[in-house]
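**Student:** Here's my sequence, what's the structure:
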Amino acid sequence: ARETQAPQVSGAFNIVGKEMKGAQVAGVFNVTGKNVMGTQLAGVFNLAGKTVKGSQLAGVFNFAGKEVKGAQLAGVLNVASKVRGTQIGVLNIADSVNGVPIGFLSFVWKGYHKIELSADEVFYHNVAFRTGVRQFYNIVTAAARPSSYKDDETIWAFGYGVGTAPRLSRKLFLNFDITANQIVKGNTIEAVNLLNKVYIGFDYQLFKQLSLTFGGTINGYVTDNNHDGYFPLFTDYQPNIFYERNFRNHNLKMWFGAKVGVRFL
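**Tutor:** I've put the predicted structure just below:
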């Protein structure tokens with residue numbers, strides 16, 4: 001059909017050449033050449049050539065050539081040019097978002113993306129990439145201990161988190177981040193060695209693409225009581241462990257820490 005205002009329901013797919021008003025429901029995919037004024041619901045994917053005013057819901061991915069005014073919800077991927085609403089998926093991609101994308105990774109071209117270099121009481125060399133929007137962003141982290149750069153003896157960490165950065169003034173932002181980092185020695189993960197952090201701090205914009213971040217952390221270190229191969233976590237500084245408890249086969253230690261760093265982009 002070139003244009004329809006009646007619901008389309010199919011076990012396999014629906015295709016409309018121009019504009020669709022109402023609903024497209026298909027077991028596999030829906031395609032509308034121009035605008036969608038309503039809902040596309042498919043088991044695999046939805047395509048709209050231009051604007052979606054309503055929602056796209058798919059098991060795998062959604063695509064809108066121009067603007068989405070509403071929501072995109074996919075099991076894997078959402079793609080749109082401009083979003084006025086929300087995207088929910090494992091991966092969200094957009095040129096600009098007036099709303100909040102929620103997923104494992106969200107990349108908004110005109111949104112929030114920062115590369116951070118920092119130091120804390122556990123690792124002096126930390127790098128993180130933040131991507132999304134200021135209201136909600138994803139964090140991918142990595143760290144290494146410089147004194148251990150010896151092939152399979154290297155102590156390093158990788159992790160993931162989420163955060164938000166509300167504006168306090170023209171140059172000052174508040175940061176609230178939650179991250180989880182697996183600490184590894186060499187190339188194998190032998191047991192749970194998880195350092196979880198809640199960071200509350202500030203981001204001060206020095207220049208357009210350079211800022212300084214500093215703040216405090218609450219740390220929760222989780223280890224396996226059945227594993228005896230753990231290496232010392234601290235080198236130059238031993239913080240005060242204010243809480244320690246065993247949960248079945250795991251141990252939790254908690255302490256207060258701090259972080260200072262710079263951010264680019």
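**Student:** Pull out the buried positions in the host helix or strand of residue 137.
**Tutor:** Secondary structure assigned from DSSP states H and E places residue 137 in strand 136-144. By 16 or more other C-beta atoms under 10 Å, the buried positions in strand 136-144 come out as 136, 137, 138, 139, 140, 141, 143, 144. Quick note: C-beta positions are derived from backbone N, CA and C, even for glycine.
**Student:** Next, report how far that strand is displaced from the centre of its chain.
**Tutor:** In terms of C-alpha atoms, centre = their mean, to the nearest Å, the centre of strand 136-144 is set 8 Å apart from its chain centre.
**Student:** Mind listing residues that contact that strand?
**Tutor:** With C-beta atoms under 8 Å, 6 or more residues apart in numbering as the test, strand 136-144 has contacts from 100-106, 112, 122-123, 125-132, 154-165, 177, 179, 181.
**Student:** my guess is residue 161 meets residue 195, correct?
**Tutor:** No. The criterion here is C-beta atoms under 8 Å, and residue 161 misses it with residue 195 at 11.3 Å.
**Student:** anything in contact with each of these two?
**Tutor:** If you check residue 161 and residue 195 against C-beta under 8 Å, 6+ apart, the residues they both contact are residue 180.
**Student:** Residue 70 bridge partners, please.
**Tutor:** Under the criterion DSSP bridges, residue 70 forms beta bridges with residue 54, residue 85.
**Student:** Check residue 221 too.
**Tutor:** residue 195, residue 253.
**Student:** so it makes contact with residue 233?
**Tutor:** Yes. With contacts counted by C-beta under 8 Å, residue 221 reaches residue 233, the gap being 6.8 Å.
**Student:** circling back to that earlier point, between residue 161 and residue 195, who's got more neighbours?
**Tutor:** residue 195 (24 against 20; other C-beta atoms under 10 Å).
**Student:** Now do the buried residues in stretch 20-37.
**Tutor:** 20-21, 23-26, 29-36.
**Student:** With secondary structure, distance to residue 90 and pLDDT added, can I get those in JSON lines?
**Tutor:** Converted to JSON lines, those look like this (DSSP: H, G, I helix; E, B strand; the rest coil; distance: C-beta to C-beta, whole Å; pLDDT from 0 to 100):
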{"residue": "20", "secondary structure": "strand", "distance to residue 90": "26", "pLDDT": "86"}
{"residue": "21", "secondary structure": "strand", "distance to residue 90": "30", "pLDDT": "88"}
{"residue": "23", "secondary structure": "strand", "distance to residue 90": "25", "pLDDT": "89"}
{"residue": "24", "secondary structure": "strand", "distance to residue 90": "23", "pLDDT": "90"}
{"residue": "25", "secondary structure": "strand", "distance to residue 90": "23", "pLDDT": "92"}
{"residue": "26", "secondary structure": "strand", "distance to residue 90": "21", "pLDDT": "92"}
{"residue": "29", "secondary structure": "strand", "distance to residue 90": "19", "pLDDT": "93"}
{"residue": "30", "secondary structure": "strand", "distance to residue 90": "20", "pLDDT": "93"}
{"residue": "31", "secondary structure": "strand", "distance to residue 90": "22", "pLDDT": "93"}
{"residue": "32", "secondary structure": "strand", "distance to residue 90": "24", "pLDDT": "92"}
{"residue": "33", "secondary structure": "coil", "distance to residue 90": "27", "pLDDT": "89"}
{"residue": "34", "secondary structure": "coil", "distance to residue 90": "28", "pLDDT": "89"}
{"residue": "35", "secondary structure": "coil", "distance to residue 90": "26", "pLDDT": "92"}
{"residue": "36", "secondary structure": "strand", "distance to residue 90": "22", "pLDDT": "92"}
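**Student:** contacting residues for the nearest residue to residue 64 once chain neighbours are set aside?
**Tutor:** The shortest distance from residue 64 to any non-neighbouring residue, by C-beta to C-beta, 6 or more residues apart in numbering, is to residue 80 (4.2 Å). For residue 80, the contact set (C-beta under 8 Å, 6+ apart) comprises 52, 62, 63, 64, 66, 67, 68, 72, 87, 93, 94, 95.
**Student:** which phi and psi does residue 80 have?
**Tutor:** phi -160, psi 160 (degrees, to the nearest 10).
**Student:** can you pull the pLDDT of it?
**Tutor:** We have a pLDDT of 97 for residue 80.
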